[in-house]
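# pasting a predicted model and its sequence here:
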Amino acid sequence: MLSLCKALQSVKSPHPGDEVSEGISEDTSTMYESGLTQLLSLLNDCDKVSDESHLAVAHAVITGAGHCGKHYWTSTVSRQIANDIISRLIDLTNSGSVQQLLAGGDKADGSRVLATVLLLIREKLTKEKWKEYPIHKHALVWCIKHLKHPNVSPYLDTFLPATLMMLDDYTDYHRILALGLASHIVCNVDSTELRWYNRADVIYQAIKPLLYGSAPNVSNAVHTCLLHLLPVLDAYHTDIPAKPNKSSEVFELLINSLHMESNLAAKKVYAFYVSKYIELLGIFCVRHMKLLLTVLISCIEDSYFPETSDTQRYALKSLATLITHAWPRIPSHKDSILKCLVRVVSDLCTSSTELPQDKGTLSQLSEVSQCFKLLQTACPEVEEHYKALMSDCEHAGLIHCLKCCFS
């Protein structure tokens, strides 16, 4: 296995740099391709892996995993060779998949391989020097994402510290990378186990600062992760009044951010997640009813530019979700909701005598129609208002939206 180790050493770890840089020189790329080709050739010459060769296999796994993704040190050719290396390792270890190669199973002793891989990675990814070893870092990411329940739990003590270390970094790249790992861990570890030793709360406290003033792409990753994490932290009991919890805390912050945000890209991200948090909170979203309705109506009515049409559509979807889940409180707010829906139909239709033809506007009118229908279900008394509007008004768009309530 000495020649195999030499081949592994020929694939140098790239110089630490900007993870989103455009690429490396052609000579360096050729060097990586040559090293990977040499490694693949040696693996192809092997018939099987002996019990004493786990260290060499672990190095090969790290090398292949670190090069099979799209990174600044990889090329199309090197990624293909790296994937071939992983496939060859699966064959040599009699594994049926990457997960079996890592975690073991009926046909492979993968758990021993993964333990060696993690030991080698942990030596490099220290708090002071982890950025100097991007191949090891991405090999760890690759290992985590290829493990599913129940194979993630035994390695939490290695996975969580590395994830939290990247999450604490100042670059958006590492934050998004860490948030993706945190989501994967939460989805593939039992809720009870995540609550042991306050692990779930530690993850939440690490994510919480990113709720304030993050870039839109970071905010998107933050809320995706929190929607997986919050149900683990909050146990809902629908038969008794719920006390404010972390879901409620995050939701209040979200709607305040949506209300105050001036950046259109960030506003669109916040608006997209409002309906998902309403579904998560259920009837308990009524705790935020006054502010929530104010914010949603503002987003629906203040969409003057094409760039804000997505925000308006997400707000309409959130309004429909709110009416569905908080229907006992809707009668108290039916007048403001009805006025808002009539105004938005008037704004969307440039002509009062014919319907718009573009698909985007028709899609938004469909969302408005759904809101009219749900409002009628929650408040049967608005049916008289609908009939009055249809008889007294000749606006084609409004009549089109209201007809769905009587079909």
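Now that the structure is in, tell me what you want to look at.
# pLDDT weak spots in this protein?
Applying pLDDT under 70 to the chain flags residues 1-27, 50-52, 105-111, 236-242, 303-307, 407.
# where does residue 364 land in three-state SS?
helix (DSSP: H, G, I helix; E, B strand; the rest coil).
# now the helix or strand harbouring residue 345: buried residues?
For residue 345, the host element (DSSP states H and E) is helix 334-348. Within helix 334-348, the residues scored as buried using 16 or more other C-beta atoms under 10 Å are 334, 337, 338, 340, 341, 342, 344, 345, 347, 348. Using the backbone N, CA and C atoms, a C-beta is placed for each residue, glycine as well.
# other residues contacting it?
293, 297, 300-301, 303, 312, 316, 319, 323, 330, 356, 361, 364-365, 368, 371-372, 375, 378-379, 381-382, 385, 389, 395, 397-398, 401 (C-beta atoms under 8 Å, 6 or more residues apart in numbering).
# which of those are buried?
293, 297, 300, 303, 312, 316, 319, 323, 330, 356, 361, 364-365, 368, 371-372, 375, 378-379, 382, 385, 389, 395, 397-398, 401.
# out of those residues, list just those in helices.
293, 297, 300, 312, 316, 319, 323, 361, 364-365, 368, 371-372, 375, 378, 382, 385, 389, 397-398, 401 (DSSP state H).
# all helices for the stretch 101-250 of the chain, in order.
Along the stretch 101-250 of the chain, the segments classed as helices by DSSP state H, counting those that start in this stretch run 110-124, 134-145, 156-167, 172-187, 191-195, 199-207, 216-233, 246-260.
# of these, which is nearest residue 57?
Across the helices of the stretch 101-250 of the chain, residue 57 has its closest neighbour in helix 110-124 (5.5 Å, C-beta to C-beta).
# distance between that closest one and the chain's centre?
27 Å (C-alpha atoms, centre = their mean, to the nearest Å).
# who touches it?
Outside helix 110-124, the residues touching it (C-beta under 8 Å, 6+ apart) are 54-55, 57-59, 61-62, 93, 95, 100-104, 130, 132-133, 136, 139-140, 143, 154-155, 158.
# which among those end up buried?
Buried among those (16+ other C-beta under 10 Å): 54, 57-59, 61-62, 93, 95, 100-104, 130, 133, 136, 139-140, 143, 155, 158.
# what residues sit buried inside stretch 183-191?
183, 184, 185, 186, 188, 189.
# just confirm the fifth one contacts residue 146, I think it does.
No: distance between residue 188 and residue 146: 10.8 Å, which falls outside the contact criterion (C-beta atoms under 8 Å).
# contacting residues for the nearest residue to residue 223 once chain neighbours are set aside?
Sequence neighbours aside, residue 273 is the residue nearest to residue 223 in space, at 4.5 Å (criterion: C-beta to C-beta, 6 or more residues apart in numbering). Neighbour list for residue 273: 223, 227, 254 [criterion: C-beta under 8 Å, 6+ apart].
# pull the contacting residues for the second one.
Meaning residue 227. Taking C-beta under 8 Å, 6+ apart as the test, what residue 227 contacts is 273, 276, 277, 280.
# please work out how many residues are found near the closest residue to the third one other than its chain neighbours.
Meaning residue 277. For residue 277, ignoring the flanking residues on the chain, the nearest one in space by C-beta to C-beta, 6+ apart is residue 251 at 4.6 Å. Counted with other C-beta atoms under 10 Å, residues neighbouring residue 251 total 25.
# distance-wise, check residue 251 relative to residue 214.
Residue 251 sits 17 Å away from residue 214 when distances are taken as C-beta to C-beta, to the nearest Å.
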